[in-house]
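Asks: below: sequence and its predicted model.
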Amino acid sequence: MNRAKQLLFALVVILSGTVYFVTLCPTVEMIDSGELAMAAKNLGVAHPTGYPLYTLLGRIFAILPIGSLIFRVNLLSLLFTAFASGFLYLLISEIITERSSTFLEEGISAAAALFVAFSPVWWDQGTTNEVYSLNLLLISISIWSLIRFTKQESIRWLILSLYMLGLSMANHLSAVYLIPGFLYLIIITLRREKTNRSSIIYAAAGFVFPASLYAILPIRASFKPFLNWGGVSDPYFFYKHITGWQYRVWMFSKPWEIFDKFGAKISPAWKLFIGQFGWIGFILIIAGIVISVRQSRKVLIFGALIGIINLIYVLNYDIVDIESYYLPMFLVSAIFLAMGIVCLAGLAADSTSKIKANAIIPGVICVSMILPIYNLLTNFHEQNKSGKTAARQGVYDYGASMETGGLALVENWDFYSPWLYLRFAENYRPDLVLIDKELMRRPWYIDFIKRNFNDVYERSKPEFEEFRGYVELFERDKSYDAVAIDKAYYDMLHAVINNESKLRPVYTNALDDSKFLAGFNPIPCGILFRFSTANTFMESPRIAFDSAYWIKQSDYEPRRLAYLLSTYYRAFQSRSKYCEYYGKQDEAAYYKTVGEQAFSIAKRWPKP
């Protein structure tokens, strides 16, 4: 790697990293952020597929003496994503330069890499702790070293490439859809040059060896860490955990629907793609694809294999937060975008004299740099998460709704995961107990309750263990009684409510589960509802609701915030009617007003 390339690599990393740092989320995020931070802190077992590599690297950053825990793991994602941008530059440069690189090609490669680095989904990985940032880095290095192998035919590059691909799969199994493209390039390269069998074995070993990282999961599980998802000490549950068994209901559950509802499924994907590259980027990508048909067909086939398989995968995976799964397709699109710029620059040079052609080169580079600047300016407001604190505020609102020593059975992972972090990393309201109602369907979570809230477990131990006995038959794929499982589950929930209500206030936000609420009439308190048999008015701390704050927060994740604020609206309106019934007109008017404010913000966006 020559000095100019090293400098451009550093420039791409520093520029993207600086932007990511300025826009870094200052606290815990919604969804998996809190859980992953706690898994890193305690070397625990995270949700499937476990992410052992991310957890190990996260542990290193978790013990650094700088800032809060969440800042450290957010910083780790920043570095992963910034260096992924740098290796994307090296990858693009390697592809569009046949022999010796030129100033034009290097400039275009850097511009294309920065263009993608400032696209919404890629940028998002660098501002909060998630496993996809590490995947981006590993995939970028893996493809870059694979391209070097195809050009230099040195087995060391193949070993590095497959090792990095193996590490990527040890981080997130979605990397599996890169394998067909890799096999294609490897096979056509090995056909061209004889390679001894031992070298191929070394390369294959490099791919398989990282899988040993998954052995960390049962080892750590045996120490019963804070998060011990899935009960992976058991070999059967270990297998189900690392293969993502629990997600099978969303993955290829109805593959024929991709044809029946192709328009409905492809439309969001198309909007997301255009949202990353814009129409100018799309035109350049098409130009790159066209030129690759004539000049680099193997790159076209390689990119098509990754892109098409990636697309098929995500179109058949029915989850809300699917955007990050498109990243490999965006990465290969960046390659074609750079090829498109080179193609248009070549056409411009061919149509002018040699003297004018030399003058065109810096002009093309300057025009190319407009692309990342455009993406930076266009996406900055949306991606600037330096003020994103909705997850933390949601947890605080839970706490404000609960009296001292309260317990809540909740069903919102968006706030429960951040609560895990705030409660057990920052010691927020240690008097409160929050239990995820839906996770109680899993035996491993019963063990979590037993370890962390043993008094709750002991008071309802017979019901906990009866449910465990029934549901483990289902989880082990043995003959099971679905009716008995369902009955035992609700018996367990009702036992917790009845036993804990004798000692402390018990709350919930799960109002849509009629079986859960059977026999109860929860009273609205803040954004939660309290189980009570009282026939007199129940006082509750008044929840502050800043509509200007929530309008600003809704800019970050509008669809998710729309759903969350709709739950605020329901709780506020219920409290208003409750207060009105008991003649508390002032409080009723307050909750009616803030409820209408919550609704007006929520209705601006469709539910996810």
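Replies: Happy to help now that I have it.

Asks: Asp321: what's its closest spatial neighbour, skipping adjacent residues?
Replies: Take Asp321 and drop its neighbours on the chain: the residue closest to it by Cβ to Cβ, 6 or more residues apart in numbering is Ile31, 6.3 Å away. (C-beta placed from N, C-alpha, C; glycine too.)

Asks: wait, is that neighbour part of a helix?
Replies: No: residue state for Ile31 (DSSP: H, G, I helix; E, B strand; the rest coil) corresponds to coil; a helix is not indicated.

Asks: now the terminal residues of stretch 23-41, how far apart.
Replies: Stretch 23-41 has an end-to-end distance of 24 Å (criterion: Cα to Cα, to the nearest Å).

Asks: got the buried residues for it?
Replies: Using 16 or more other Cβ atoms under 10 Å as the test for burial, stretch 23-41 gives 23-25, 27-41.

Asks: pLDDT score for Ala211?
Replies: For Ala211, the pLDDT comes out at 89.

Asks: CA atoms only: put stretch 62-74 into CSV for me.
Replies: Provided in CSV are the C-alpha atoms of stretch 62-74 (Å, rounded to 0.1, in the frame of the first residue of the first chain):
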residue,chain,number,x,y,z
ALA,A,62,-16.4,-1.6,28.9
ILE,A,63,-13.5,-1.5,31.4
LEU,A,64,-11.9,1.6,29.9
PRO,A,65,-11.8,4.5,32.5
ILE,A,66,-13.6,7.0,30.3
GLY,A,67,-17.1,8.3,30.4
SER,A,68,-20.1,6.0,31.1
LEU,A,69,-20.4,2.4,30.1
ILE,A,70,-22.8,3.3,27.3
PHE,A,71,-20.5,6.0,26.0
ARG,A,72,-17.6,3.4,25.8
VAL,A,73,-19.6,0.8,23.8
ASN,A,74,-21.1,3.6,21.6
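
Asks: let the chain start at 614 from now.
Replies: With the count now opening at 614, the last piece we talked about shows up as stretch 675-687.

Asks: now that stretch: mean pLDDT?
Replies: 95.

Asks: now stretch 837-844
Replies: The pLDDT scores in stretch 837-844 average 92.

Asks: again, but for stretch 702-714
Replies: On average, stretch 702-714 scores 81.

Asks: and stretch 1093-1108, by the same measure?
Replies: 96.

Asks: same thing with stretch 692-699?
Replies: Taken as a whole, stretch 692-699 has an average pLDDT of 98.

Asks: tell me how far it lies from the chain's centre.
Replies: 16 Å (Cα atoms, centre = their mean, to the nearest Å).

Asks: per-residue pLDDT, the residue nearest to Asp934?
Replies: pLDDT for Ile644: 86.

Asks: okay, and which of the buried residues of stretch 636-654 map to helices?
Replies: Taking DSSP state H, the ones among those that sit in helices are 646-654.

Asks: name the residues of stretch 1166-1182 that are buried.
Replies: For stretch 1166-1182, the neighbour count (16+ other Cβ under 10 Å) marks 1166-1167, 1169-1171, 1173-1182 as buried.

Asks: what do you get for stretch 1034-1044?
Replies: 1034-1038, 1041-1042.

Asks: that one: end-to-end distance?
Replies: With Cα to Cα as the measure, the ends of stretch 1034-1044 fall 15 Å from one another.

Asks: what's the spacing between it and its chain's center?
Replies: A distance of 23 Å separates the centroid of the chain from that of stretch 1034-1044, by Cα atoms, centre = their mean.

Asks: now do that stretch, average pLDDT.
Replies: The average of the pLDDT scores along stretch 1034-1044 is 96.

Asks: returning to that earlier point: tell me which two of the buried residues of stretch 1166-1182 sit farthest apart.
Replies: With Cβ to Cβ as the measure, no two of the buried residues of stretch 1166-1182 lie farther apart than Tyr1169 and Tyr1182, at 19.2 Å.
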